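1. below is the sequence, then the predicted model.
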Amino acid sequence: MKQSKLFTKTRKEAPKDEVSKNAQLLIRGGFVNKEIAGVYSFLPLGLKVLEKINNVIRKEMNAIGGQELFMTVLQDQEVWKQTNRWSDEVVDNWFKTNLKNGTELGMGFTHEEPITKMMKNHISSFKDLPISVYQIQTKFRNEARAKSGIMRGREFFMKDLYSFSKNIDEHNEFYEKSKIAYKNIFNTVGIGDMTYMTFASGGTFSKYSHEFQTLSSAGEDTIYVCDKCSVAINDEIIEEQKSCPECGNTELRKEKAIEAGNIFSLGTKFSEAFDLTYKNEKGEETLVIMGSYGIGPGRLMGIIVETLSDEKGIVWPEIIAPFKVHLLNLGQDEKAEEFYEQLNKKGVEVLFDDREVSAGEKFADSDLLGIPYRVIISEKSLAEGGVEVKKRNETDSEIISIDDFLNKLK
RNA sequence: CGGGAUGUAGUGUAACGGUUAACAUUCUCGCUUUGGGAGCGAGCGACUCCGGGUUCGAAUCCCGGCAUCCCGACCA
């Protein structure tokens, strides 16, 4: 991609109404556009990152047997009345809308109800279980106060997986696998070492649910970290759970954190409400055991910006960066063009800064965009034998011949 | 949803109740430049959020609305 042709441009200053670091950098870099408070559009660069995050999530969900589907945003109120979650008194962040004939519809803030109802058509025998399905889809929540840039919006992306199991053991087996899948996701996108599986309130059917909390001063949650076993306890249950549930350690470190994901055992709460049952081997009607597993890909993107960026801009981990190489041409049009073609031929994702702007502006933009490898081609670099390569998260650069660089990439 | 603050070119700021709303940047054109947002010159760009009111006169004061941000509450 030639930067002169890229749809978005960078800007030097962030709009004054954006305070959060993630929104400031993402807007300055041209990754997102703010529409209204808590509602952001994803522009080409941002969409590239988002899709890569989604693919990391898909890979792990598929690995534990999840099958991807895509459900609707518009929801029938009758479905929600079955669990008493239609009323605005019970759920205060509904977005609701109307059909032409006046019928009120809801815009989904989660999908337990509709998916449980749908599953009645597809689960009838023990042979149909276990099954798990997920989607990456837009959710709507009428937050009283949007904040923290793209990390807490009114319209946002959510990966929500739902598991359906024959019994508790089968459910627990899947639940444990999902923990590993989640850890893999956070490790892959580069925030594993600061993301803690956190014990949180579990509801009716299990003692705990588990959140995945990433340490961040921009976080809204307070957690207590056990350094012995790298887990944490959410502030909401610290009164009844004053020590680490894994090792009993009572020396816990209080930290601010942002919730990157959560997994939840639902038991039979929804299967009871919708009478979602299967016939076991003996022909007996048995309630299905359910679980739900969420991650917000957009929020994850915000968390990555928030935690990995420096004073100059974003630092994308390679696996989710919009491009792998940022090629800066400093007055070597012919050589740069040729090199760019070679990179393309190799299938390297490269953003080629071919613009006629000053070197300083190219450097500043490169730091802001956060592409992992910055490669400069200039009179100086050619005189020294090739191109100058610097990783975004390192300070030292090295001169390397064009051939060596091309070979090194694959 | 309670409390607070702020709305002025695309962006960031300025302007005592008193000319044609200023500056920087972006953008366009020309020339010069090319290792950290480079220089010179010329231009484009604003019903000062919307609606009322006070006044000879309102970006400025008052009222209402809307929007945005912050603190809190909420967060399935």
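-> Nice, I can see it.

2. per-residue pLDDT, A:Lys335?
-> Among the per-residue scores, A:Lys335 shows a pLDDT of 93.

3. next, count neighbours for it.
-> Neighbourhood size, A:Lys335 [other CB atoms under 10 Å]: 17. For every residue, glycine as well, the C-beta is placed using N, CA and C.

4. grab the nearest non-local neighbour of it.
-> A:Ile377 (5.8 Å; CB to CB, 6 or more residues apart in numbering).

5. now do the one you found against RNA strand B, distance only.
-> A:Ile377 is 8 Å from RNA strand B, where distance means CB to the nearest atom of the strand, to the nearest Å.

6. can you confirm A:Leu45 is in a strand?
-> No - assessed with DSSP: H, G, I helix; E, B strand; the rest coil, A:Leu45 is helix; it does not lie in a strand.

7. ok, it touching A:Gln3?
-> No - in terms of CB atoms under 8 Å, A:Leu45 does not count as a neighbour of A:Gln3; the distance is 10.7 Å.

8. between those two, what contacts are shared?
-> Common contact partners of A:Leu45 and A:Gln3 (CB atoms under 8 Å, 6 or more residues apart in numbering): none.

9. what bridges to A:Thr97?
-> A:Leu105 (DSSP bridges).

10. what sits against it?
-> A:Leu74, A:Glu104, A:Leu105, A:Gly106, A:Met107.

11. repeat that for A:Asn249.
-> Residues near A:Asn249 by CB under 8 Å, 6+ apart: A:Cys226, A:Asp227, A:Lys228, A:Cys229, A:Ser243.

12. try 10 Å this time
-> Applying CB atoms under 10 Å, 6 or more residues apart in numbering, we find A:Asn249 in contact with A:Cys226, A:Asp227, A:Lys228, A:Cys229, A:Val231, A:Ser243.

13. any weak-confidence spans in chain A?
-> A:410 (pLDDT under 70).

14. could you break it into its assigned domains?
-> A:3-218+A:257-308, A:323-409 (automatic domain parsing).

15. which positions in the stretch 301-410 of chain A make contact with RNA strand B?
-> Residues of the stretch 301-410 of chain A lying close to RNA strand B by CB under 7 Å from any atom of the strand are A:312, A:330-331, A:356-361, A:363-368, A:376, A:378-381, A:388, A:397.

16. check the stretch 1-150 of chain A too.
-> Checking the stretch 1-150 of chain A against RNA strand B by CB under 7 Å from any atom of the strand, the hits are A:9-20, A:28, A:36-38, A:85, A:90-93, A:109-110, A:112, A:143-148.

17. just the buried ones from the residues you listed, in PyMOL syntax?
-> Buried residues within these, by 16 or more other CB atoms under 10 Å, are selected in PyMOL with:
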select buried, chain A and resi 10+14+18+20+28+38+85+91+109+112+146+148
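
18. for chain A, longest strand please?
-> For chain A, the strand with the greatest residue count under DSSP state E is strand A:253-267.

19. who does the following helix or strand past it touch, helix- and strand-wise?
-> Once strand A:253-267 ends, the next helix or strand along the chain (criterion: DSSP states H and E) is helix A:269-274. Counting contacts by 3 or more CB pairs under 10 Å, 6 or more residues apart in numbering; DSSP states H and E, helix A:269-274 is packed against helix A:77-81, helix A:112-119, strand A:155-165, strand A:285-287, strand A:289-295.

20. any idea which helix or strand comes after the second one?
-> In this case it means helix A:112-119. strand A:131-140.

21. now that following strand - C-alpha only, PDB.
-> Extracted in PDB, the C-alpha atoms of strand A:131-140 (Å, rounded to 0.1, in the frame of the first residue of the first chain):
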ATOM      1  CA  ILE A 131     -21.800 -28.100  21.100                       C
ATOM      2  CA  SER A 132     -20.400 -24.600  21.200                       C
ATOM      3  CA  VAL A 133     -21.000 -21.700  18.900                       C
ATOM      4  CA  TYR A 134     -19.700 -18.200  18.700                       C
ATOM      5  CA  GLN A 135     -20.000 -15.000  16.800                       C
ATOM      6  CA  ILE A 136     -18.200 -11.700  16.400                       C
ATOM      7  CA  GLN A 137     -20.900  -9.200  16.200                       C
ATOM      8  CA  THR A 138     -22.000  -5.700  17.100                       C
ATOM      9  CA  LYS A 139     -23.600  -5.200  20.500                       C
ATOM     10  CA  PHE A 140     -25.600  -2.200  21.700                       C
END
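
22. buried residues, it. List them.
-> Neighbour-count burial for strand A:131-140, with 16+ other CB under 10 Å as criterion, is recorded at A:Ile131, A:Ser132, A:Val133, A:Tyr134, A:Gln135, A:Ile136, A:Gln137, A:Lys139, A:Phe140.

23. show me which pair in those is furthest apart.
-> A:Ile131 and A:Phe140 (26.6 Å; CB to CB).

24. residue contacts, the closest residue to A:Glu113 other than its chain neighbours?
-> By the measure of CB to CB, 6+ apart, the closest residue to A:Glu113 outside its immediate chain neighbours is A:Val79, 4.8 Å from it. With contacts defined as CB under 10 Å, 6+ apart, the neighbours of A:Val79 are A:Arg85, A:Trp86, A:Gly106, A:Glu112, A:Glu113, A:Pro114, A:Ile115, A:Thr116, A:Lys117, A:Met118, A:Ala273, A:Phe274.

25. next, give me the two most distant ones among these.
-> Greatest spatial distance among these (CB to CB): A:Trp86 and A:Met118, at 17.6 Å.

26. before we move on, back to that, just the ones of the residues of the stretch 1-150 of chain A next to RNA strand B in helices?
-> Among those, the members falling in helices are A:Arg28, A:Glu112 (criterion: DSSP state H).
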